[in-house]
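**Q** Sharing a sequence plus its predicted fold:
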Amino acid sequence: MSRTELRDVIKIRYATAENAVFEEKRGFISLTFRPEDGEEKTYDRVKLQRNFPNSTPEEYVSVLDKEDNEICMIRSLSDLGEETAEILRREAERRYRVFRIKKILSVNQRYGFSYWKIESDDGVREFTVQDTYRSFRKIGGDRATVSDVDGNRYEIPSLSGLDRRSMKKIELFI
Amino acid sequence: MKKTVFSLETGRDLLKKVPEGVASGTFITAFRFDLDLDGGSTDGIAVITEEGVFTFEGGLPVLSVMYGDCSELEFHQLIGACEMCAETENGPVVICRGTCSVKDVMAKNVRRITRFLHTGNYSSDEELDLYRVCPKCRKRLRPGMTVCVDCADRKSLYGRVLKMALPYKKYLITSIFLFFASFAVNLAGPYVNRLLVDGYIDSEKAKAAVAAGQSGSVFRGFILTIALMAILQILTYFITALRNLAVMGAGWRLIIDLRRLVFGKIEKMSVRTLSRRTSGALMRSVTWDTSMVERFITNDLPNVIQQSFLFVAVTVILVLKDPILALLVLAPVPVLLLFSGKISPYFRRMYGRQWEAGSRTGSVLHDIFSGIRVVKAYRTEKREEDRFDSAASEERDISVRNETVFNVIDPIFTFIVNIGSVLLLYYMGRQIMNGRMSLGEAAMFTSYASLIYGPISWLAQMPRMLTRTVTSLVKIFDIVDEREDVQDSADACDVDIRGNIEFDNVSFAYEDGGDVLKGISFSVKPGEMIGIVGRSGAGKSTLINLLMRLYDPDGGAIRVDGVDLRDVSQHSLRSQMGVVLQETHLFSGTVYENIAYASPGCTRDAVVTAAKAAGAHDFIVRLPDGYETVIGENGHTLSGGERQRVAIARALLHDPKILILDEATSSLDTKTEHGVQETLSELIADRTTIAIAHRLSTLRNASRLVVLDKGRLAEIGTHDELMKKGGIYYGLVMAQRQMSRIKK
């Protein structure tokens, strides 16, 4: 008797270049998807949800419909061909707004909050962080993220690539 | 002062910056957004009129969306960003995007437009709780706070604290008086010391007198001076003891009063206000912040007074006696201040890290212990041991390093002071040798010099201490000053409820997000049982929250027997309502106390009857101590179904005019539920009942059903009417029938 594997019971729908067509229309991504076990259907507007935003932002990306139900999953954006991957990458960038920190100009702590002034890939920004030790997270060996009181996200792509003066200002949180 | 990227001007101010004649329709408001449609930074303004939404970037028009062309406006929370969209005939359109810094304003404006489209009225900024900025620095207020910490008027804060301390002035005056007494004793010590040395030990006169055979009188004086020193010591002891007693007397009374004040205020807060704050933060305010303030009043404040006086007095004495000497004594002070100013932030950081490491070790332990069964089941003991080990080693490494650094650096302080003493010795030695100073005076100066360093190190701590106190004060007063948003109106009256309920065009939204209820209208006759049905998130529980008046509706009104809920006193309203909620909370105490919670003073007969009616009696008699079994934390654990039955018994005993059941029987097995249902249906006969249930069979006794869909009232009618209609309710019933068929 052959053993039933979990993956025989649970089928995950993966989007491939063959069964899925993503198109960009007026700032939205539409999807025409033909699952193995069902009929082709077109979705006006789909959302991309990164399931591993920190380690592999381009792999295992869920495609959700308007009601946040998963339509299918993309194993890797590159599976879909370079042109589509580029469209999806742009959409993901819009949905995930992360400011990349190039330089830390100042960090002042006061009354349990910290006030940051940084130089990002999109100009100088100032923001306020609550509970700094918890909002500042190291991911992997060399990256770090910090979220401000409003929920904006900032990323330091490489801690070791940071200049010495910037590093000194955040040493404490690492 | 921090500049905000987005100036927080209100909508009305912004309208002035938009070119005229581009947007049509009467202006309602405008708001800023900061990302363009591709996600890049921009300087955008969205103008809302009665006809549509118009966006501008850098003063140039970009997009216009007319309400007539779209079926719905939506706010979407993205990650690190947000957007406002419209659903049009040709599919969805993004109107504008922004970072999270503008999400509150954007979300609330979407809510404002939606409500305008539904009701024809729009809410003001104040009603939407928009633009909560500090009137002084224009910075946005911190979440959950109504006062700006940076701009809080310190003087008025301290003034209010002192006012609070007024009832204990007896203790405080005593303690300040005693502080001065000990201050005098402190200053007297070195002086007596000098008398001793100059009068007897190193006195030519005394030596001559002893040589002349008058040793008796000299010794008497000598002994008296020694005795005086001893008396000073004893005085110091008594004064310190008395002072501590006075401080404690005031301290404990004050802290209890403060906690009562803060706690009382928190209890009065509406659920809406409470949900803006975390329970951790509230608990911290009740315990930690109050104790900080207590410490400030009883300890820090008197200390500031005493130490400053001591410092000034000693300096004056020294300067009067010998300015050069005073200069030498004070010489290390700037060095000391500079050094401690440089080094103490470093120490603070060092120990902050150690504290963090310690708390990490603690949470690793907590994590492992609470999951110990999983650890054992998957035999991962070794891995968890390693995890703990690495956390503990990290803490060890940090601690060792800190201690090393501390032990190397801390003696430097002593060293600096000692350098001062060496200089002092050199100078005094020369003065003595030149005969310009007596040995006694030298001893006195040395003592004074050592007295002065105490206040200095203490005063160096002051800024930190004041910061800490102000932080706590601001938090406390923020709670104390919070306005009550669900208030009894001035002429609120007690009403004897008959059970007529009317929802009139009710709209409501929680703090963040869009409307949860949109223009709900229906009425309930006394004695009716209304079942509320709908998918999760349809607004069922919200409807009940509003009826209980945990929140006030944002639009429309709810009336009981024709009286607006806002005009009924909250006490009389809730005392006539019985509620069984989805999550049943039982307090630690006996089963009996929990059932009788809302009806103190009821008879045992009544409690047992209520328990029996709720189907709870049968399991209670099996508990080790029957009705006196202690449940809750550190007590007997009840299952979900048992807890629910206790909660039902509590509501039944309360004998309400309006009974609210929110998934009240969801954790009961079908047979028990059936029994409880039978009892309830007899009781319900002359009570207005509102029940929510996912299991539709629970609602088979309902006189009418209200079907909610995405916050709107979709269908209303009897079971038969709705089945005939073949709408949402029909679909739900069919789906559940199919499920139960499969189960069979």
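**A** Great, that's in hand.
**Q** Need the residue in chain B that's farthest from the chain's center.
**A** Within chain B, residue B:212 marks the point farthest from the mean C-alpha position, 78.8 Å out by Cα atoms, centre = their mean.
**Q** and that one, what are its phi and psi?
**A** The phi and psi values for residue B:212, taken as degrees, to the nearest 10, are phi -80, psi 10.
**Q** the longest strand in chain A is where?
**A** Counting residues, the longest strand found in chain A (DSSP state E) is strand A:98-110.
**Q** how far is it from where the chain is centred?
**A** Centroid displacement of strand A:98-110 relative to its chain, using Cα atoms, centre = their mean, to the nearest Å, is 20 Å.
**Q** now stretch B:270-277
**A** Centre to centre, stretch against its chain (Cα atoms, centre = their mean), the figure for stretch B:270-277 is 10 Å.
**Q** Need the per-residue pLDDT for residue B:7.
**A** Looking at residue B:7, its pLDDT is 37.
**Q** so is the residue sitting nearest the centre point of chain A in a helix, a strand, or just coil?
**A** Centrality entry for chain A: nearest residue to the mean C-alpha point is residue A:53, 4.1 Å, by Cα atoms, centre = their mean. Put simply, residue A:53 is coil when judged by DSSP: H, G, I helix; E, B strand; the rest coil.
**Q** List the buried residues for stretch B:319-329?
**A** Neighbour-count burial for stretch B:319-329 flags B:322, B:325-326, B:328-329 (criterion: 16 or more other Cβ atoms under 10 Å in any protein chain shown). All C-beta spots, glycine's among them, are computed from the backbone N, C-alpha and C.
**Q** out of those residues, who's nearest residue B:69?
**A** residue B:329 (83.5 Å; Cβ to Cβ).
**Q** packing partners for the helix or strand where that closest one lies?
**A** Element membership for residue B:329 (DSSP states H and E) is helix B:323-330. The helices and strands touching helix B:323-330, judged by 3 or more Cβ pairs under 8 Å, 6 or more residues apart in numbering or on different chains; DSSP states H and E, are helix B:301-321, helix B:381-433, helix B:439-481.
**Q** The helix or strand following that helix and chain A in contact?
**A** With elements assigned by DSSP H and E, the helix or strand that comes after helix B:323-330 is helix B:332-370. Yes - judged by Cβ under 8 Å from any Cβ of the partner chain, helix B:332-370 comes into contact with chain A through B:349, B:352-353, B:356.
**Q** Give me the distance from helix B:332-370 to the chain's centre.
**A** Worked out by Cα atoms, centre = their mean, helix B:332-370 lies 24 Å from the chain centre.
**Q** what's the angle between that helix and strand A:98-110?
**A** 130 degrees (axes from the mean of the first three to the mean of the last three Cα atoms, to 10 degrees).
**Q** So what touches the following helix or strand past helix B:332-370?
**A** Using DSSP H and E, the helix or strand that follows helix B:332-370 in sequence is helix B:372-377. Applying Cβ atoms under 8 Å, 6 or more residues apart in numbering or on different chains, the contact partners of helix B:372-377 are B:368, B:381, B:384.
**Q** Looking at the first one now. What's its pLDDT?
**A** Looking at residue B:368, its pLDDT is 89.
**Q** Now it: closest residue in space that isn't a chain neighbour?
**A** What sits nearest to residue B:368 in space, not counting adjacent residues and going by Cβ to Cβ, 6 or more residues apart in numbering or on different chains, is residue B:384, at 4.9 Å.
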